[in-house]
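Sequence and predicted structure below; questions after.
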Amino acid sequence: MPGAMLATTADVNQIEAPVTWKAYLICAFASFGGIFFGYDSGYINGVTGSPVFVEIIEGAGATALTGSHNSLITSILSAGTFFGAIIAGDVADTIGRRWTVIIGCMIYIVGVILQVASHGLGLIVAGRLVAGLGVGFESAIVILYMSEICPRKVRGALVSGYQFCITIGLLLASCINYGTKDINSTASYRIPIGIQFIFGVVLAGGLFFLPDSPRYFVKRGNVEAARNALSRLRGQPGDSDYIEAELSEIVANEEYERTMIPTTGWVSGWANCFKGSLWKQN
């Protein structure tokens with residue numbers, strides 16, 4: 001692994017830097033991505049029950065969506081999420097976790113705009129599909145990003161905050177649906193949809209000020225960038241024993257992974273998922 005020489009601390013009690021409020025806040029902010037999935041999953045039931053929305057999709061006089069239209073509008077988000085999650089991993093390894101999440105936010109925002117502008121079935125389905133693609137990016141990479149930047153001793157608790165944000169998203173969706181249920185105009189469905197725009201802008205904007213994952217930089221062979229990122233995340237000087245010890249561990253782990261799971265290309269990387277036996281342990 002190219003980069004500067006690394007040293008470890010001789011004091012076993014100084015393996016990891018003290019956890020600061022800054023570390024908590026950074027990880028808590030990243031978990032905000034869970035609101036995307038929770039809100040997007042929750043608001044749609046209120047929208048599909050809106051009399052105004054029903055008439056726009058089915059025509060004047062309709063009182064409910066047909067079963068096929070209701071299923072299509074509701075489930076198409078998952079189709080986008082499926083493909084987004086598959087694509088996001090390779091994108092994150094190429095341009096970084098942070099930028100992948102930002103791109104996911106931009107895709108999500110485009111999907112929201114399409115839905116807000118919709119006057120029929122086609123555009124609402126297209127918007128849900130595009131938004132789902134962005135949600136797939138978030139779902140796959142936000143948790144990865146959090147697990148790679150969180151201090152080890154509180155990693156489990158902080159990463160679980162993503163699930164908490166999903167439930168917050170569901171709660172917000174229910175509140176917004178309740179608040180707009182009696183509106184007799186297109187605002188009854190455009191407000192619940194349009195609020196998602198704020199989520200995308202907040203997460204993307206905040207990530208511009210956060211460092212990328214140190215493990216991503218090590219994976220790309222840029223140890224000094226990893227050191228700088230760790231220094232910002234842990235609130236310690238770049239040459240401190242804490243940073244040296246954690247960086248050494250990250251480098252050693254990356255070298256071990258390269259030895260155990262060698263890849264020669266994109267296809268071989270995916271093929272490794274299907275190698276070995278389910279019943280035999282090495």
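That came through fine. Residues are numbered from 1 along each chain as shown.

Regarding the nearest residue to Ser118 once chain neighbours are set aside, what is its secondary structure?
Ranked by CB to CB, 6 or more residues apart in numbering and with sequence neighbours excluded, the top spatial neighbour of Ser118 is Ile124, at 4.2 Å. No exception for glycine: its C-beta is placed from N, CA and C like everyone else's. Put simply, Ile124 is helix when judged by DSSP: H, G, I helix; E, B strand; the rest coil.

thinking Ile124 is in contact with Ala117, fair?
No. Counting by CB atoms under 8 Å, Ile124 does not reach Ala117; the two are 9.5 Å apart.

in what helix or strand does Leu170 lie?
helix 161-180 (DSSP states H and E).

List the buried residues in the strand or helix carrying Ser71.
According to DSSP H and E, Ser71 maps onto helix 67-95. Residues 69-70, 72-74, 76-77, 79-81, 84-85, 87-89, 91-92 are the ones in helix 67-95 that count as buried (16 or more other CB atoms under 10 Å).

could you point out which element follows it?
helix 97-116.

Where do the helices of the stretch 101-250 of the chain begin and end?
121-149, 155-159, 161-180, 187-207, 214-219, 223-234, 241-260 (DSSP state H, counting those that start in this stretch).

mean pLDDT lowest for which of these?
Set side by side, the helices of the stretch 101-250 of the chain give their lowest mean pLDDT on helix 155-159, at a mean of 82.

Convert it to PDB, retaining C-alpha atoms only.
C-alpha atoms of helix 155-159 as PDB (Å, rounded to 0.1, in the frame of the first residue of the first chain):
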ATOM      1  CA  ARG A 155     -20.300   2.300  15.900                       C
ATOM      2  CA  GLY A 156     -23.200  -0.100  16.500                       C
ATOM      3  CA  ALA A 157     -25.200   2.400  18.400                       C
ATOM      4  CA  LEU A 158     -24.600   5.200  15.900                       C
ATOM      5  CA  VAL A 159     -25.300   3.100  12.800                       C
END
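
Done for today, thanks.
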